Structures are given as structure tokens and as C-alpha cells.
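Enquirer: Quick one: sequence and predicted model below, then my questions.
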Amino acid sequence: MPIKQVITEGEKPVKVWTDELDPSARAQLVSLSKLPFIHRHVAAMPDVHSGIGATIGSVIATHQAIIPAAVGVDIGCGMAAVRLSLRANDIDEKSLKKLFDQISRDVPVGRNQHKDERALTEVARPFDAQLAAMTGKHPQLLKAFGRFSNWVNQMGTLGGGNHFIEVCLDEADQVWVMLHSGSRGIGNAIGHYFIELARRDMERWFIQLPDRDLAYFPEGSEHFDDYVEAVSWAQSYARENRDQMMQLVLAALARHLPPFQATMAVVNCHHNYVDREHHFGKNVWVTRKGAIRAREGDLGIIPGSMGARSYIVRGRGNPESFCSCAHGAGRRMSRTAAEHQFTVEDLAAQTAGVICRKDKGVLDEIPGAYKDIDQVMANQADLVEVVHTLKQVVCVKG
């Protein structure tokens with residue numbers, strides 16, 4: 001499907017891949033498009049919805065500037081998935097319940113982290129020197145870390161919110177493992193610290209913004225290179241975190257299922273990050289806030305919700321989206337609204353057939369709080385092609 005609408009109220013156009021755009025998200029996109037360093041246009045994916053400052057589901061190409069709040073505080077958040085040699089007839093409800101319990105024991109979720117004796121210290125060690133250099137230049141970061149300072153123990157942990165670990169079946173009844181997480185507390189602290197630095201810089205330079213959350217670092221400014229270094233560190237940490245969780249989950253499966261092997265390389269992709277790329281004849285910074293890179297041939301993961309299908313996709317390399325696509329179904333209501341509108345009984349009904357938590361603590365993640373993933377996929381047929389369709393049978397959340 002082509003672009004659904006083009007908003008022209010700002011300095012640059014906003015190209016939107018959906019008709020379903022709430023007023024708050026629309027206003028945020030217009031504010032983004034008024035910034036003087038936007039390259040060509042702002043692209044809004046079909047799962048677009050309002051966020052803090054920058055809109056979730058937006059792709060922002062910028063000349064010589066980065067907006068820390070557009071990258072966000074879950075720096076490097078993304079997905080990983082691997083297909084296994086197991087099939088549907090290799091699993092049953094009893095083994096799946098054991099898997100749910102085993103994964104819940106082996107992978108800390110929510111605010112939990114590995115105890116010292118189980119911490120992945122050797123895996124985390126290569127990250128230590130660069131982090132020490134960063135905190136040497138920004139000693140205030142140590143204070144910002146606060147309760148997040150034990151980043152070594154958070155390596156290989158899930159977190160909360162919409163992060164999850166799933167066991168799925170594809171259209172051919174092959175078993176997959178899929179998970180969603182980011183840079184944990186350390187990335188959160190880095191994000192908040194530099195967002196605040198950018199706001200202070202804007203005040204110091206008397207720069208008026210349409211939204212204070214659109215504060216930015218220009219190239220060559222005092223904090224630009226340090227932010228690029230820090231965000232790169234957090235993105236690498238997030239990718240390693242997903243790799244380590246995948247190993248823990250596969251080990252949990254090995255305890256309760258027949259012997260297996262991976263039959264497809266792990267797909268591991270960020271959807272909250274910034275990178276240097278070339279688009280429309282220019283080298284620019286591309287921030288994907290709730291979007292994944294979808295160059296021609298790129299494999300990506302687009303999850304639905306706790307009770308909906310997910311998709312393994314291959315990018316088509318559409319230049320109008322800056323070679324990007326949606327990162328999921330996208331919320332259609334806030335967490336608070338979902339808790340008011342739905343009941344635990346609704347959650348049980350909407351997650352029927354999935355072994356998962358069905359309590360009030362995850363009611364804000366009910367499938368009904370999300371957009372229709374199939375409509376999202378239909379709206380981006382020009383951005384990706386579907387390679388595999390997955391349906392979860394186990395879902396572990398924080």
C-alpha cells in the first residue's frame with residue numbers, strides 16, 4: 001500500500017503509512033517537522049502513536065544533529081528470534097507449562113536481575129573499559145545510574161512493560177523462540193542524563209523549540225560526541241543482552257524438550273536507536289523510534305501482542321520510509337486507559353491458548369490495547385514482505 005497521508009503544516013512534510021493517527025501523535029509529528037535540520041521529510045510508520053517528545057513509530061533523518069529524546073531511554077531496545085528444528089508435535093501443554101516456569105526462573109524479569117553468583121560477568125567485562133571512560137568524562141552519570149548501577153547483573157535480563165520472551169509456532173508448525181528487550185537500567189539512565197543535558201544546552205543557547213523534549217545536540221557541540229559514544233555503547237549492550245537471554249532461553253528449552261538445533265540464524269534488530277546512514281544523496285543521522293531498518297533483503301521482526309500473530313519480514317528498501325518499517329502493532333490506548341477499560345477476564349479471553357500471566361499486573365499489555373497487527377502489516381506492504389507468520393504458545397512478561 002502507498003503512503004496514506006502527507007501532513008504539510010510544518011517546515012518539511014510528514015509522510016504517514018496509516019489513516020489511524022491520533023491527534024496527539026499528529027501534533028508531535030508536526031512539531032518534529034518544524035525543526036531546521038530535518039532531512040527531506042519525517043516518516044511515520046503504520047504503528048505510529050504518541051510518545052515523549054518524538055512520536056513512537058517515527059523515522060527521523062537529520063543533518064548534523066541528534067535528538068536524544070527521539071532515541072528515547074530504552075536505548076537499543078529491539079527483538080531477537082531463532083527458528084528451531086522442533087515441530088509442534090514435539091511439544092505439549094505439560095512441557096510448555098514447564099518451559100514457562102523454567103524461563104521465569106532462569107531469566108530475571110521486571111525489576112529483578114541476576115544474583116551475583118549467576119551474573120554474566122565475563123560477558124559484561126568487554127563493556128567495562130568504555131563505560132569507565134564515559135563516566136570519567138561525565139562523573140554525574142554515576143549519580144544518574146543510582147539503583148541501575150549494577151549493570152553487570154542486568155546483562156541477560158528481560159525488564160518489564162512490553163518486553164517479553166515467547167515460544168511460537170510458524171505457518172509450518174516449526175518452533176521459534178522470540179524475545180524483546182533493550183539496554184535495561186543502564187540505558188535508561190544514559191538516556192535520561194543526556195536528554196537533560198540537551199535541554200540545558202537549549203536554554204543556555206536561548207533556542208526556542210516547539211517541544212522541550214525535542215532538545216538536540218548539534219555536531220561539534222560540547223556533548224555531541226559523548227552522546228554518540230554513550231548511545232553506541234548502550235545499543236551494543238542491548239544487542240548482547242538479547243543474545244545472552246536467547247542462550248538462557250534455549251538452555252531452558254533443552255531441559256524439557258527433545259534435542260534440537262537452530263535451523264535459521266538469529267535475527268537480532270534494534271527498533272529504538274540512531275545510526276549514520278546515506279539517504280537521498282546525503283549522509284545523515286537516522287533515528288528510528290519504534291521502527292526497524294528494512295533495507296532490501298534485511299530480515300526483521302514485527303511482533304503483535306500477547307494474543308496476536310507476529311511476523312518475520314524481509315525489507316523492500318523503500319527510500320520514502322528511509323528503508324524502515326513498523327516495529328510492532330503499536331498501542332491504540334494508554335496503559336492507564338487499558339486498565340480502566342478491560343478486566344482480568346478480558347485478558348484471559350484474549351490470550352486463550354497462550355500460557356502466560358493472566359493477572360492484573362499485565363492487564364495494561366492486553367491485546368485489545370494494541371492496534372490490529374494485520375492492518376499494520378497491510379499498510380506496509382510496500383515496506384516489507386512477510387517471510388514467516390508466528391503465533392505464540394508461551395509468553396513470559398515482567
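Expert: All right, it came through fine. Numbers count the residues shown, from 1 in each chain.
Enquirer: Correct me if wrong: Arg335 contacts Ile366.
Expert: No. The pair Arg335 / Ile366 is not scored as a contact, 9.9 Å apart, by C-beta atoms under 8 Å. C-beta: built from backbone N, CA, C; applies to glycine.
Enquirer: And the two? Which one has more around it.
Expert: Ile366 (26 against 15; other C-beta atoms under 10 Å).
Enquirer: That one is in contact with Ala348, isn't it?
Expert: No. If you go by C-beta under 8 Å, Ile366 and Ala348 don't touch, sitting 9.8 Å apart.
Enquirer: which residues do those two both contact?
Expert: Counting by C-beta atoms under 8 Å, 6 or more residues apart in numbering, no residue touches both Ile366 and Ala348.
Enquirer: could you give me the average pLDDT of stretch 159-166?
Expert: Stretch 159-166 shows a mean pLDDT of 93.
Enquirer: Please report the separation between the first and final residues of it.
Expert: The first residue of stretch 159-166 is 14 Å away from its last residue (C-alpha to C-alpha, to the nearest Å).
Enquirer: Just the CA atoms of the host helix or strand of Asn153, as PDB, please.
Expert: Asn153 is located in helix 151-154, with elements delineated by DSSP states H and E. C-alpha atoms of helix 151-154 as PDB (Å, rounded to 0.1, in the frame of the first residue of the first chain):
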ATOM      1  CA  TRP A 151      24.500  -3.200  35.000                       C
ATOM      2  CA  VAL A 152      26.600  -6.300  35.100                       C
ATOM      3  CA  ASN A 153      23.900  -8.200  36.900                       C
ATOM      4  CA  GLN A 154      21.300  -6.900  34.400                       C
END
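Enquirer: Not counting its own residues, what contacts that helix?
Expert: By C-beta under 8 Å, 6+ apart, the residues outside helix 151-154 that reach it are 108, 113-116, 119-121, 124, 127, 131, 145, 148, 184-186, 237, 241.
Enquirer: which residues of the stretch 201-350 of the chain fall in strands?
Expert: Along the stretch 201-350 of the chain, the segments classed as strands by DSSP state E, counting those that start in this stretch run 217-218, 267-270, 272-279, 282-289, 291-293, 299-302, 310-315, 324-326.
Enquirer: Each with direction, which strands does the fifth one pair with?
Expert: For strand 291-293, the paired strands and their directions (DSSP bridges) are strand 324-326 (antiparallel).
Enquirer: tell me the mean pLDDT over the strand it pairs with?
Expert: For strand 324-326, the per-residue pLDDT averages 98.
Enquirer: Please apply the same query to stretch 69-84.
Expert: pLDDT averaged over stretch 69-84 gives 96.
Enquirer: now it, how far from the centre of its chain.
Expert: 4 Å (C-alpha atoms, centre = their mean, to the nearest Å).
Enquirer: buried sites along it?
Expert: Neighbour counts over stretch 69-84 (16 or more other C-beta atoms under 10 Å) mark 69-84 as buried.
Enquirer: Also stretch 359-374?
Expert: Buried, per 16+ other C-beta under 10 Å, within stretch 359-374: 362-367, 369-373.
Enquirer: what does that stretch rub up against?
Expert: Applying C-beta under 8 Å, 6+ apart, the set of residues contacting stretch 359-374 from outside is 20, 47, 49, 161-162, 302-311, 328-333, 335-339, 341-344, 346-347, 350-351, 356, 397.
Enquirer: Filter these down to the buried ones and express that as a PyMOL selection.
Expert: The PyMOL command for the buried members of the contacts of stretch 359-374 (criterion: 16+ other C-beta under 10 Å) is given here:
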select buried, resi 20+47+49+161+162+302+303+304+305+306+307+308+309+310+311+328+329+330+331+332+333+338+342+347+350+351+356+397
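Enquirer: Show me the contacts of helix 151-154 that map onto strands.
Expert: Judged by DSSP state E, the subset of the contacts of helix 151-154 located in strands is empty.
Enquirer: which among those end up buried?
Expert: For the contacts of helix 151-154, buried by 16+ other C-beta under 10 Å: 108, 113-114, 119-120, 124, 127, 131, 145, 148, 184-186, 237, 241.
Enquirer: hey, which helix is longest across this protein?
Expert: In the chain, assigned by DSSP state H, the helix with the most residues is helix 224-256.
Enquirer: in the protein, which segments are predicted with low confidence?
Expert: Residue ranges of the chain with pLDDT under 70: 1, 53, 147-149.
Enquirer: Bridge partners for Ile292, pull those for me.
Expert: In beta-bridge terms (that is, DSSP bridges), Ile292 pairs with Cys325.
Enquirer: Distance of it relative to Lys282?
Expert: 22 Å (C-beta to C-beta, to the nearest Å).
Enquirer: Phe322 too?
Expert: 11 Å.
Enquirer: just Ala348 next, same as before
Expert: Taken as C-beta to C-beta, the span from Ala348 to Lys282 is 51 Å.
Enquirer: just Val384 next, same as before
Expert: Val384 sits 24 Å away from Lys282, going by C-beta to C-beta.
Enquirer: more neighbours, these two?
Expert: Shown here are Val384 and Lys282; by other C-beta under 10 Å, Val384 has more neighbours (26 against 11).
Enquirer: Which residues lie in contact with the more buried one in this structure?
Expert: Val384 neighbours (C-beta under 8 Å, 6+ apart): 294, 300, 302, 313-316, 325.
Enquirer: ok, 10 Å please
Expert: 292, 294, 298-300, 302, 311-318, 321, 324-326, 377 (C-beta atoms under 10 Å, 6 or more residues apart in numbering).
Enquirer: repeat for Gly297
Expert: Applying C-beta under 10 Å, 6+ apart, the residues near Gly297 are 314-317.
Enquirer: again, only this time at 8 Å
Expert: Applying C-beta under 8 Å, 6+ apart to Gly297 gives the contacts 314-315, 317.
Enquirer: Let's see if you can find the most crowded of those residues.
Expert: Most surrounded of the contacts of Gly297: other C-beta under 10 Å gives Gly315, at 21 neighbours.
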